[in-house]
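**Q** all I have is the shape, not the residue letters:
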C-alpha cells in the first residue's frame, strides 16, 4: 500500500471550499425543456417524423428552433444538411413548410424569414452572412423583455422557397 500523507489543515479547508463551490454551481444550473431528444442511433426519418410538425407550426405563429448538438465528428452537419443525394433535416422540413404554406395560400398569405447560426467553441457565427472582408460582428444571445431568447444582429433572410433557403 503506498504511503499517503494526511491532508494538512489548510489543504482540508481548500478542498472543503472547492466542494461547496461546485455544489453551488450545480444548484444554479438552469433547467431546459425539450420537445424531443434523439439518441445517437436515431435515423434521419425518425428525426423528420418529430421535427416536421414542429417546423410547420411556425405557420400558426409559433417560434421554432431545431437544435443539433454533440461532439465534433458525431454527424450533426450530415443530419441537418445532408448531401445533394440524401438531403438533411433542414431542407426536408423546409420543403414541408413551403408545401403546407402553399396548400393554405387560398386562405392565408405567408411571408417567411429564416436565420441560421452556429455555436462553436462558445462563439456564435451567423451562417447567412455573405463572405465579407469586414471582421464578423460579435453576436450574443440576449433575453428579450417577454422572456424569449434572441440574437440581435443576426441576418433575417426573406425566403420564398427551398431554393431561396
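**A** Right, received. Where do you want to start? Bear in mind the structure is a predicted one, so any value in this text is a computation, not a measurement. Numbers count the residues shown, from 1 in each chain.

**Q** tell me the confidence at the residue nearest the centre of the chain?
**A** Centrality entry for the chain: nearest residue to the mean C-alpha point is residue 67, 3.0 Å, by CA atoms, centre = their mean. As predicted, residue 67 sits at a pLDDT of 79.

**Q** after the helix or strand of the chain with the lowest mean pLDDT, which helix or strand is next?
**A** Within the chain, no helix or strand scores below helix 9-28, which has a mean of 58 by mean pLDDT, DSSP states H and E. Counting by DSSP states H and E, the next helix or strand C-terminal to helix 9-28 is helix 44-56.

**Q** mind listing what's buried in that following helix?
**A** 44, 47, 50-52, 55-56 (16 or more other CB atoms under 10 Å). Backbone N, C-alpha and C define where each C-beta goes, glycine included.

**Q** can you name every helix or strand that that helix contacts?
**A** Applying 3 or more CB pairs under 8 Å, 6 or more residues apart in numbering; DSSP states H and E, one finds that helix 44-56 contacts helix 89-103.

**Q** again, 10 Å this time
**A** Secondary-structure packing of helix 44-56 (3 or more CB pairs under 10 Å, 6 or more residues apart in numbering; DSSP states H and E): helix 76-81, helix 89-103.

**Q** gap between that helix and the chain center?
**A** From the chain centre to the centre of helix 44-56 is a distance of 15 Å (CA atoms, centre = their mean, to the nearest Å).

**Q** got the contact list for it?
**A** Contacts with helix 44-56, where a contact means CB atoms under 10 Å, 6 or more residues apart in numbering, come from 35-39, 42-43, 62, 64-66, 68, 75, 78-80, 82, 86-90, 92-101.

**Q** OK, contacts around residue 67?
**A** Counting by CB under 10 Å, 6+ apart, the residues that residue 67 touches are 32, 34, 37, 76, 80, 119.
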